[in-house]
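Chemist: Give me a 3D structure for the following:
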Amino acid sequence: MKKVFVSSTGAQSGQSLAAWCIAEIYNSRGFRIGFFKPFITRPILQNGQVIDKDALLMKRYFNLTEELNILSPIISEGIPGDEVVREEQLSRIEQCYEMVKKDKDVLIIMGAEKIFYDPESPYLPDGILVNKFDAPVVLVDRFQNESMSMYSILAIDSFLKDKVKIVFLNQIPLEDMETVYNKLIPFFQKRGTPLLFLIPKDRILSSLTVKDIVDLIQGEVLTGESRLKNLVESTSISSTHLKGSLYLFRQIYNKIILLGLETEDLNSPLLSPKVTGIILTGGRRPAPVIVNTCGDVGVPLVISPFDTFVTMEKIQKQQVHIKENDVYKLKRFIQLLGGETAIQKIINEI
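Modeler: Okay, the predicted model is just below:
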């Protein structure tokens with residue numbers, strides 16, 4: 001059985017999407033996929049049970065048979081400095097590991113949010129688990145600058161004794177891509193390992209859907225239910241975006257315009273943002289002509305029970321976390337890696 005450990009240098013790096021990507025690469029080639037995330041780091045409550053969002057995604061998408069408390073078993077409470085607690089955690093991890101690897105060809109093991117040792121972290125360091133499972137590492141680094149990324153990669157690779165085989169350097173601003181390519185790619189090519197992939201900051205990967213926002217604000221959809229998969233990359237209270245039939249909305253003040261790509265435009269990410277939804281705030285229902293106008297042009301119209309300020313605040317504070325329905329993000333991530341050529345390199349390396 002092949003094992004792959006997916007780790008990260010910090011929060012919001014794209015680790016979850018990277019783990020999904022690696023799993024799908026092998027799944028698409030007929031391998032039986034398993035998933036294991038020892039610690040619950042993205043908790044949600046389901047049927048009175050604390051579960052992990054990543055484990056839920058993988059279970060649903062890959063139809064895994066194991067229970068969620070086996071796929072991600074440890075709810076860490078406090079700092080695991082106590083040797084007794086640590087041994088209990090390792091014992092439970094080993095027990096669940098034996099169950100999740102059964103009858104699998106490839107097991108994706110996902111670490112906590114950052115691989116660096118943190119004395120304040122409630123999780124066992126990823127380095128302990130990497131060595132325990134003796135697994136090659138795919139490292140995800142959220143780009144900040146060339147020097148910091150180079151230092152992080154080299155330090156982690158040295159600490160893990162050359163177990164880092166692949167690095168996804170993620171969310172690189174487009175204006176920095178050429179500089180990063182010219183500086184880092186030759187350096188790591190000369191060194192030999194790890195294999196480095198540069199992934200630019202991307203509007204599709206960072207977007208929410210209209211459905212995400214409806215759920216977030218506890219909104220009511222008046223029209224456009226079939227267009228709730230439209231993407232939202234920004235919001236506006238300005239009426240300058242309202243053209244054609246939507247000009248009517250310039251007369252309404254308590255509104256938020258959602259801007260992004262429509263589902264049919266996902267293969268054309270260079271297109272300018274469109275109006276992909278309109279939110280009316282304050283809980284007041286609009287006149288029928290307003291609802292009918294949105295229905296005629298196919299733009300979702302949503303009522304928020306909150307005022308404009310609170311609604312905007314909820315949207316802007318929301319962190320994007322992938323779900324099993326976000327297959328378009330999975331496909332986009334693989335595309336940004338380099339498609340089939342990149343897939344073959346990844347398989348050959350790990």
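
Chemist: pretty sure S206 contacts V232?
Modeler: No. At 10.3 Å, S206 does not count as touching V232 under the criterion of C-beta atoms under 8 Å. To be clear about C-beta, it is placed using only N, CA and C from the backbone, and glycine gets the same treatment.

Chemist: sec struct for N170, please.
Modeler: strand (DSSP: H, G, I helix; E, B strand; the rest coil).

Chemist: Could you do P122 as well?
Modeler: P122 ends up coil, using three-state DSSP.

Chemist: ok, it - how many residues close by?
Modeler: 15 (other C-beta atoms under 10 Å).

Chemist: Could you find the closest non-adjacent residue to Y97?
Modeler: F36 (6.0 Å; C-beta to C-beta, 6 or more residues apart in numbering).

Chemist: so the closest residue to S239 other than its chain neighbours, which of the three states?
Modeler: Once flanking residues are discounted, S239 sits nearest to R250: 4.2 Å by C-beta to C-beta, 6+ apart. Of the three states, R250 takes helix according to three-state DSSP.

Chemist: From what I see, R250 and G244 are in contact.
Modeler: No. Counting by C-beta under 8 Å, R250 sits too far from G244 to count as a contact (11.7 Å).

Chemist: So between those two, which is more surrounded?
Modeler: R250 (12 against 9).

Chemist: list the contacts for T179?
Modeler: E146 (C-beta atoms under 8 Å, 6 or more residues apart in numbering).

Chemist: From L198, how far out is it?
Modeler: 11 Å (C-beta to C-beta, to the nearest Å).

Chemist: Tell me, how many residues neighbour the nearest residue to G244 once chain neighbours are set aside?
Modeler: Nearest residue to G244 in three dimensions, chain neighbours excluded: V297, at 7.3 Å (C-beta to C-beta, 6+ apart). By the criterion of other C-beta under 10 Å, V297 has 13 neighbours.

Chemist: For V297, report the pLDDT, please.
Modeler: pLDDT recorded at V297 is 89.

Chemist: repeat for G78
Modeler: 57.

Chemist: for the one 5 residues further on, same thing?
Modeler: Confidence at E83, expressed as pLDDT, is 71.

Chemist: Can you identify each of the strands in the stretch 201-350 of the chain by residue range?
Modeler: 208-209, 220-223, 231-232, 234-236, 255-260, 274-280, 301-303 (DSSP state E, counting those that start in this stretch).

Chemist: Give the pairing partners of the second one; include direction for each.
Modeler: For strand 220-223, the paired strands and their directions (DSSP bridges) read strand 301-303 (antiparallel).

Chemist: tally of neighbours for Q95?
Modeler: Q95, neighbours per other C-beta under 10 Å, totals 11.

Chemist: From E88, how far off is it?
Modeler: Q95 is 11 Å from E88, by C-beta to C-beta.

Chemist: before we move on, what about N47?
Modeler: N47 is 25 Å from E88, by C-beta to C-beta.

Chemist: The two: who's more crowded?
Modeler: E88 (13 against 5).

Chemist: name the helices or strands packed onto the strand or helix carrying the more buried one?
Modeler: Counting by DSSP states H and E, the element that carries E88 is helix 83-100. Counting contacts by 3 or more C-beta pairs under 8 Å, 6 or more residues apart in numbering; DSSP states H and E, helix 83-100 packs against strand 33-36, helix 68-71, helix 126-133.

Chemist: Among these, which comes closest to R332?
Modeler: strand 33-36 (20.4 Å; C-beta to C-beta).

Chemist: Let's see stretch 194-206 as CSV, backbone CA atoms only.
Modeler: C-alpha atoms of stretch 194-206 as CSV (Å, rounded to 0.1, in the frame of the first residue of the first chain):
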residue,chain,number,x,y,z
PRO,A,194,11.7,18.2,-3.7
LEU,A,195,9.6,18.6,-6.9
LEU,A,196,8.2,22.1,-6.9
PHE,A,197,4.8,23.1,-8.4
LEU,A,198,3.9,26.8,-8.6
ILE,A,199,0.2,27.6,-8.3
PRO,A,200,-1.0,31.2,-8.9
LYS,A,201,-3.6,33.0,-6.8
ASP,A,202,-6.8,32.2,-8.6
ARG,A,203,-10.2,33.8,-8.6
ILE,A,204,-12.1,30.5,-9.0
LEU,A,205,-10.3,28.8,-6.1
SER,A,206,-10.9,31.8,-3.8
